[in-house]
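Student: 3D, please:
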Amino acid sequence: MMHVVTSPSESLPTSKPRRSRLMRMSHWTASQIQRVHRNECGVISLLTVFVMLGCTWLLLWVINSAKQLDARVRMQNAVDAAGHSGTAVLARGMNAIAFANQLEFDLLAAVATLRVSAAGNVPSPLVRLLPTFEELLEGSQPGTPPSQRPIPAFRYAVVERMPGQASEMVRDIARSSGAWRGPDAATNPDGPQGPLVAVLWTSQGRQVGQGSEQDPWQRVLPVIDPSAGGWDEPWLPDDSLQQAARRERRQAARRYLIPWAQDIARRTPSLTNRVVQLAELELDRMFDNEFVDNNLPMMLRPRRTEQEAVEMDLMFVATAYRLHPRSMAPNLFRNPNAGIAPAMAVAQSTMFLPRSRYTCCPWAEERYDPVTREPYLVVHTDGWPNEWGSSIQNWQSKLVPATADVIGSLLRVEVDPGNGQGMLPQWGMLTPEQWDALSHQ
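Tutor: As a prediction, this is how the structure comes out:
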């Protein structure tokens, strides 16, 4: 068997194949790197991350805006209800005073008519009511001061207590209207924002229910008692209001004479006419001797014009305060007003006497007086008078646009919420220009 011996150079491997493999590997790596640079696979994942971040930010913005808007609407509804309810309580007080005035007119006419019957002119079993009626007018004891007689004392109690009741009504209605409806509402009715605090103000900037009601020119209910020896006598500048009250009392008492005369005369026309004539003479004697300047009706506070009386005496402003809603993601969304003042809302309301509306049909018809047989025209309207005064028992309340000049200053006044949490921060540090920019006044 033959063996072929090769040369040493032929028996050793050469390095050329190894260099070619390295060159191929380096060529492959470079091409792959170039392809990776040009490859767009997976780019959508990076875009999705940024899009999701943007959508999350937008969702949080929408949620925070919705929370702020919902809290604002609820707060405005609460202050509207509170302001309207508080003014309705004051209107009820005006109706109570008007009722007392009308009762006093009726009692004066009744006393005059029953005295005519007691003198033997027209006997009637109604005479037994005369002592009771005289006691209501003059008091239970002889010489009772005018301010302590039953009807004047009742009127002054209404004037003194109704503002406090209106203030309590405003607070209760605001808190119940702004009650928390979310989780744990049974144990925490105020919710995370805390209680909604509401305050009722006069158009002059005085808080209703706070302070004394003795000064008739500053009290909440715009009425004055002009009686001599009454509560308001020291504040009367002259006797002009007494003269107006005497005229109103005389006219109203004469209107009440006819029904009492008809009851005493048992609806007999001729006898009724006689009783009316005698009762008018007795009424004049009473006004000239017993009741000259006392037992006068309460009168509306006099103003130069009716528009001034409405704006200064019958307009009221309700303000509500509450903590701002908590923002989601507070590091991204921050309410700059939260550290300055609570959230606030305003409502304005007024007391008024509605005008009678026409009813149909016919619009009017002619009738005859049962005593004098004189014709008079009856216009068919709703059953309330058209006069404007303190003896009309039809006072009502309604919401009106918040245009009072005092609103800007009221929202910068520190208010004690009365819940043990101290004074609420207000906008007192803002300049008038900044306040105008925020309130759009």
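Student: all helices in the stretch 251-400 of the chain, in order from the N-terminus.
Tutor: Counting by DSSP state H, counting those that start in this stretch, the stretch 251-400 of the chain has helices at residues 269-288, 306-313.
Student: Identify, out of those helices, the most deeply packed stretch.
Tutor: Ranked by mean neighbour count under mean count of other Cβ atoms under 10 Å, those are led by helix 269-288, which reaches a mean of 17. C-beta: built from backbone N, CA, C; applies to glycine.
Student: Send me it as CSV with only the CA atoms.
Tutor: This file holds the C-alpha atoms of helix 269-288, laid out as CSV (Å, rounded to 0.1, in the frame of the first residue of the first chain):
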residue,chain,number,x,y,z
PRO,A,269,-132.0,98.4,54.3
SER,A,270,-133.6,101.4,56.0
LEU,A,271,-132.4,100.3,59.5
THR,A,272,-129.0,99.5,58.1
ASN,A,273,-128.7,103.1,56.7
ARG,A,274,-129.6,104.5,60.1
VAL,A,275,-127.1,102.4,61.9
VAL,A,276,-124.4,103.4,59.5
GLN,A,277,-125.1,107.1,60.0
LEU,A,278,-125.0,106.8,63.8
ALA,A,279,-121.9,104.5,63.7
GLU,A,280,-120.0,107.1,61.6
LEU,A,281,-120.7,109.7,64.2
GLU,A,282,-119.5,107.4,67.0
LEU,A,283,-116.4,106.5,64.9
ASP,A,284,-115.5,110.2,64.4
ARG,A,285,-115.9,110.7,68.2
MET,A,286,-113.6,107.8,68.9
PHE,A,287,-111.0,109.1,66.5
ASP,A,288,-111.2,112.6,68.0
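Student: Report the separation between residue 365 and residue 275.
Tutor: Computed as Cβ to Cβ, to the nearest Å, the residue 365 to residue 275 distance reads 28 Å.
Student: likewise residue 360?
Tutor: Counting by Cβ to Cβ, the gap from residue 360 to residue 275 is 37 Å.
Student: cool, and residue 311?
Tutor: Per Cβ to Cβ, residue 311 is found 47 Å from residue 275.
Student: what do you get for residue 238?
Tutor: Distance from residue 238 to residue 275, by Cβ to Cβ: 38 Å.
Student: And the pLDDT for residue 13?
Tutor: According to the prediction, residue 13 has pLDDT 50.
Student: Contacts made by stretch 278-296 with the rest, please.
Tutor: For stretch 278-296, the surrounding residues in contact (Cβ atoms under 8 Å, 6 or more residues apart in numbering) are 104, 108-109, 111-113, 115-116, 121, 137-138, 146, 149, 151-152, 225-230, 242, 245-246, 249-250, 253-254, 257, 260-261.
Student: try it again with 6 Å
Tutor: Stretch 278-296 is touched from outside by 112-113, 115-116, 121, 137, 146, 226-228, 242, 245, 253, 257, with contacts defined as Cβ atoms under 6 Å, 6 or more residues apart in numbering.
Student: For the protein, which helix extends over the most residues?
Tutor: In the chain, assigned by DSSP state H, the helix with the most residues is helix 43-118.
Student: quick one, helices of the stretch 101-250 of the chain?
Tutor: 130-138, 150-177, 240-264.
Student: Quick one: closest of those to residue 373.
Tutor: helix 240-264 (13.7 Å; Cβ to Cβ).
Student: Do me a favour and average the pLDDT over that closest one.
Tutor: What helix 240-264 shows for mean pLDDT is 92.
Student: Low-confidence regions, the stretch 301-441 of the chain specifically.
Tutor: Flagging of the stretch 301-441 of the chain using pLDDT under 70 yields the residue ranges 337-340, 415-441.
Student: Kindly recompute the last result at 50.
Tutor: Across the stretch 301-441 of the chain, the ranges flagged by pLDDT under 50 are 418-420, 422-423, 441.
Student: what about the strands in it?
Tutor: 315-322, 343-352, 364-368, 375-379, 396-400 (DSSP state E, counting those that start in this stretch).
Student: Tell me how far the closest residue to residue 90 other than its chain neighbours lies from residue 101.
Tutor: Sequence neighbours aside, residue 166 is the residue nearest to residue 90 in space, at 5.1 Å (criterion: Cβ to Cβ, 6 or more residues apart in numbering). Residue 166 is 21 Å from residue 101, where distance means Cβ to Cβ.
Student: and if you look at residue 108?
Tutor: From residue 108 to residue 101 the distance is 11 Å (Cβ to Cβ).
Student: Could you check the pLDDT of residue 117?
Tutor: 89.
Student: Then residue 102?
Tutor: Looking at residue 102, its pLDDT stands at 95.
Student: need the contact list for the nearest residue to it once chain neighbours are set aside.
Tutor: The shortest distance from residue 102 to any non-neighbouring residue, by Cβ to Cβ, 6+ apart, is to residue 391 (5.9 Å). Residue 391 makes contacts with 98, 101-102, 297, as judged by Cβ under 6 Å, 6+ apart.
Student: Swap in 8 Å and give it another go.
Tutor: 98, 101-102, 105, 248, 252, 297 are the contacts of residue 391 under Cβ under 8 Å, 6+ apart.
Student: likewise residue 257?
Tutor: By Cβ under 8 Å, 6+ apart, the residues touching residue 257 are 109, 112-113, 276, 279-280, 283.
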